[in-house]
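Student: here is the input, now give the coordinates:
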Amino acid sequence: MNQAPHLPPTFNRLAWSNLAAQSAEQVALAAAPIVAVLLLGVGEGQTGLLQTALTLPFILFAIPAGLLADRISRRRLMAAAEALRAAALLAILALIGLNLLTLPLLALSGFVAVCGTVVYSVAAPALVPSLVTPPLLPAANARIELARTIAFASGPALGGVLVGWVGAAPAFGFAAALSVIAVVLLSGIYEPARPPAPRRHPLQEIREGAAFVLHHPLLRPVFVTQFIFNTASFLLLAVFVPYAVRRLGLSATGVGTTLAMYGVGMVAGALAATRVMRRLAFGTVIGLGPVTGFVAAGVMALTTVVPSPALAGLSFFLLGVGPILWVISTTTLRQSVTPPRLLGRVSAINIMSYGARPLGSALGAVVGGVYGAEPCLYLAAAIFGAQALVILMSPAVSLARQPEMVGDAAKA
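Tutor: Reported below is the predicted structural model:
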């Protein structure tokens, strides 16, 4: 997917750790709602509440994680976060083994596991530029995203298969083992020392990072688009599992396979990314993801008229193939225009757009619980349309090429 075979070994360990961590997350996220529906017997409204619990840490802990990532070793912070996730997944495993699992306990343990996800996700993009030279930054981001796409392709299917074939416990046990592997890989990474950050009031540092993103003519529309995208995507995800089981007639394995099409689409997009970015303007690549997301939402809404599992799989495929180009291009954009001392906080502000996930999940809980899944799918399509309009009207889509890297001397 890239033309950079000489990425340094210490970065390659990060890429493998990222693969293990992302796989652990995807297996657990796929298993949780399936277990909730098939083992605990919950419906659309309750699965929406579960999704809310599994996404709320993104809005609660992204900023504290960003502050820590700019103050202490990012590698050690990531290792501690991944260890926390492993402990939470083992707690779910124990509850299932003791026959004590309930929806509140599943939500609580999942909440703790996702706290580890948030810290890892904030620190990793801030760590990458210290492990590779600037010319290798796009290739490094592409490698990281390829690892993530592999996790998205295999994790949901594996989670569904494990739950469907051998029960819920192996799914969470396998996810915990992957988190432990990620911690071991992180322990072997050499992270260059950074100059000590001046100690200031946390609110002052938060304002500095937020002001940089919200006042930047390129980063602001990217943030807004991503916030709306996450709202729409998690509105769709909040109701898809019960909708797929009851309307599309899918089994646990079928649900996992359909969800895995998202990862398959991401892999396809990642493998094509180098050719696409070589042939198209940098800003055009940024615009592809939101537009493809809108098309994907339209295809999913069509399943309410034509209840075809194949259409649902196509929708998830499109939802992966375009946005992976968005992630690679906007991550490179953010790292290029952000001073290194702000990378942790700017990464955290970007993760804060994931705070729209509880909003989308809550919308799914309310609308799905009152009106059913079909109105949720129509609403998701409308919201996807809004995020496409935001980015298409921004200066980001007019960029001809990747911006030059800035240093710490740049004004925040």
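
Student: does Arg199 sit in a helix, a strand or a coil?
Tutor: Three-state call for Arg199 (DSSP: H, G, I helix; E, B strand; the rest coil): coil.

Student: any stretches of the stretch 151-300 of the chain with poor pLDDT?
Tutor: 156, 166-168, 197 (pLDDT under 70).

Student: and the helices in it?
Tutor: In the stretch 151-300 of the chain, the segments counted as helices under DSSP state H, counting those that start in this stretch are 168-187, 202-215, 219-246, 252-279, 282-302.

Student: in JSON lines: those, plus mean neighbour count.
Tutor: Quick note: C-beta positions are derived from backbone N, CA and C, even for glycine. JSON lines is the format used below for those (neighbours: other CB atoms under 10 Å):
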{"stretch": "helix 168-187", "mean neighbour count": "22"}
{"stretch": "helix 202-215", "mean neighbour count": "15"}
{"stretch": "helix 219-246", "mean neighbour count": "24"}
{"stretch": "helix 252-279", "mean neighbour count": "21"}
{"stretch": "helix 282-302", "mean neighbour count": "22"}
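
Student: format those helices as CSV; extra columns: distance to Leu100.
Tutor: CSV is the format used below for the helices of the stretch 151-300 of the chain (distance: least, CB to CB, whole Å):
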stretch, distance to Leu100
helix 168-187, 12
helix 202-215, 38
helix 219-246, 23
helix 252-279, 22
helix 282-302, 36
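
Student: for Ala373, find the nearest of those helices.
Tutor: Nearest to Ala373, of all the helices of the stretch 151-300 of the chain, is helix 219-246, at 3.8 Å by CB to CB.

Student: what angle do helix 282-302 and the closest one make with each other?
Tutor: Counting by axes from the mean of the first three to the mean of the last three CA atoms, to 10 degrees, helix 219-246 points 20 degrees away from the direction of helix 282-302.

Student: got the angle between helix 219-246 and helix 252-279?
Tutor: Going by the same axes, to 10 degrees, helix 219-246 makes 150 degrees with helix 252-279.

Student: and helix 219-246, how far out from the chain middle?
Tutor: 11 Å (CA atoms, centre = their mean, to the nearest Å).

Student: next one: stretch 76-90
Tutor: Centre-to-centre, stretch 76-90 and its host chain are 17 Å apart (CA atoms, centre = their mean).

Student: which residues does that stretch contact?
Tutor: With contact meaning CB atoms under 8 Å, 6 or more residues apart in numbering, stretch 76-90 is reached by 17, 21, 24-25, 28, 65, 68-69, 109-110, 112-120, 123-124, 127, 172-173, 175-176, 179-180, 182-183, 186-187.

Student: do I have it right that Leu318 meets Val299?
Tutor: Yes: using CB atoms under 8 Å, Leu318 is in contact with Val299, at 6.5 Å.

Student: now Leu363: which helix or strand?
Tutor: Counting by DSSP states H and E, the element that carries Leu363 is helix 356-371.

Student: what packs against the helix or strand following that helix?
Tutor: Next helix or strand after helix 356-371 toward the C-terminus (DSSP H and E): helix 373-392. If contacts are counted by 3 or more CB pairs under 8 Å, 6 or more residues apart in numbering; DSSP states H and E, helix 373-392 sits against helix 219-246, helix 282-302, helix 356-371.

Student: can you put those in TSV and add distance to Leu89?
Tutor: What follows is the helices and strands packed on helix 373-392, written out as TSV (distance: least, CB to CB, whole Å):
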stretch	distance to Leu89
helix 219-246	19
helix 282-302	29
helix 356-371	19
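
Student: residues near Ser251, how many?
Tutor: Per other CB atoms under 10 Å, the neighbour tally for Ser251 reads 14.

Student: how about the closest residue to it other than its chain neighbours, what does it touch?
Tutor: Using CB to CB, 6 or more residues apart in numbering and skipping the chain neighbours, the partner closest in space to Ser251 is Gly164 (6.3 Å). Shown in contact with Gly164 (CB under 8 Å, 6+ apart): 34, 251-253, 256.

Student: how much space between Gly164 and Leu93?
Tutor: 17 Å (CB to CB, to the nearest Å).

Student: repeat for Arg13
Tutor: 27 Å.

Student: one step back: to Ala348, which of the helices of the stretch 151-300 of the chain lies closest?
Tutor: The closest of the helices of the stretch 151-300 of the chain to Ala348 is helix 202-215. By CB to CB, the value is 6.8 Å.

Student: and the closest one, what other elements does it pack with?
Tutor: helix 57-69, helix 219-246, helix 343-352.

Student: same for the last one, what does it pack against?
Tutor: Put plainly, it is helix 343-352. On a contact count with 3+ CB pairs under 8 Å, 6+ apart, helix 343-352 meets helix 57-69, helix 103-131, helix 202-215, helix 219-246, helix 323-337.
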